[in-house]
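1. After the sequence you'll find the predicted model.
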Amino acid sequence: MISEGSELWQYLSPNQRTLAEDGEHILKDSALHENPEPTDYSYLVFPYAKMYEGFLKQLFLDLGIISDHAYGSERFRIGKALSPNLVRRLGGHSAYGQVEHQFGKDLATRLWHTWKEGRNLVFHYFPHNYRALSREQAEDLIAGIVETMNDAVKRTKVLTRAHGKIEERFGRFDNRGVQTA
């Protein structure tokens, strides 16, 4: 799913890389053990959605959109900060508004849409709108999450901007993601 050595792979934290590897493993494993029993393949999306949440927090920190305090806080909510419906209310604390201002509305909208479709609507239970994913829908959401992250890394040039911060946080890694001295 995510090529080792890609800009995205280089940008991901070690924990995010582990989630990507776990996600790839359960996706492959589920194909080997096809069973008509599962009626909801949302579980396949979980490691990628969790990785996306960490990715967004890291991206917003590295772009100066959130502070170190917000990054480490258990109270900071990506969904609130990224919602286009809260831009006016949050003002300078709106991640959506800041991404839109710095990188364009299309990237801000894509980050939000991927968050909403690939996490919120998958993992929240709505009795009036029960949503069970087919395997194909789960795979499409996973691909969308990865494509959005790739696009964000390229368009924001965050790997270049934040190189020193990344090394400071996680150490040095070669292009395969192996930690170096």
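-> Happy to help now that I have it. Everything quoted here is computed from the prediction, not taken from an experiment. Numbers count the residues shown, from 1 in each chain.
2. Now do the end-to-end distance for stretch 33-46.
-> Length of stretch 33-46, first residue to last, Cα to Cα, to the nearest Å: 18 Å.
3. what about the residue most central in space within the chain, which helix or strand?
-> Closest to where the C-alpha atoms of the chain average out (Cα atoms, centre = their mean) is Tyr52, at 1.5 Å. For Tyr52, the element it lies in under DSSP states H and E is helix 46-62.
4. That helix: which residues count as buried?
-> Of all the residues in helix 46-62, those buried under the rule 16 or more other Cβ atoms under 10 Å are 46-53, 55-62. Where you see a C-beta, it was placed from the backbone N, CA and C, and this is true even at glycine.
5. Apart from its chain neighbours, what residue comes closest to the residue nearest to the centre of the chain?
-> Ile145 (5.0 Å; Cβ to Cβ, 6 or more residues apart in numbering).
6. Pretty sure that neighbour sits against Gly54.
-> No: using Cβ atoms under 8 Å, Ile145 is not in contact with Gly54, being 11.8 Å away.
7. per-residue pLDDT, Arg172?
-> Per-residue pLDDT puts Arg172 at 58.
8. Using PDB, list the CA coordinates for the longest helix that the chain contains.
-> Counting residues, the longest helix in the chain under DSSP state H turns out to be helix 135-156. Extracted in PDB, the C-alpha atoms of helix 135-156 (Å, rounded to 0.1, in the frame of the first residue of the first chain):
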ATOM      1  CA  ARG A 135     -14.600  -5.700   1.500                       C
ATOM      2  CA  GLU A 136     -14.400  -3.600  -1.700                       C
ATOM      3  CA  GLN A 137     -15.600  -0.500   0.100                       C
ATOM      4  CA  ALA A 138     -13.100  -1.000   2.900                       C
ATOM      5  CA  GLU A 139     -10.300  -1.400   0.300                       C
ATOM      6  CA  ASP A 140     -11.500   1.800  -1.500                       C
ATOM      7  CA  LEU A 141     -11.400   3.800   1.800                       C
ATOM      8  CA  ILE A 142      -7.900   2.500   2.600                       C
ATOM      9  CA  ALA A 143      -6.700   3.500  -0.800                       C
ATOM     10  CA  GLY A 144      -8.300   6.900  -0.400                       C
ATOM     11  CA  ILE A 145      -6.600   7.500   3.000                       C
ATOM     12  CA  VAL A 146      -3.200   6.500   1.500                       C
ATOM     13  CA  GLU A 147      -3.700   8.700  -1.600                       C
ATOM     14  CA  THR A 148      -4.700  11.700   0.500                       C
ATOM     15  CA  MET A 149      -1.600  11.300   2.700                       C
ATOM     16  CA  ASN A 150       0.600  11.000  -0.400                       C
ATOM     17  CA  ASP A 151      -1.000  14.100  -1.900                       C
ATOM     18  CA  ALA A 152      -0.600  16.100   1.400                       C
ATOM     19  CA  VAL A 153       3.100  15.300   1.700                       C
ATOM     20  CA  LYS A 154       3.800  16.300  -1.900                       C
ATOM     21  CA  ARG A 155       1.600  19.500  -2.000                       C
ATOM     22  CA  THR A 156       2.800  20.800   1.400                       C
END
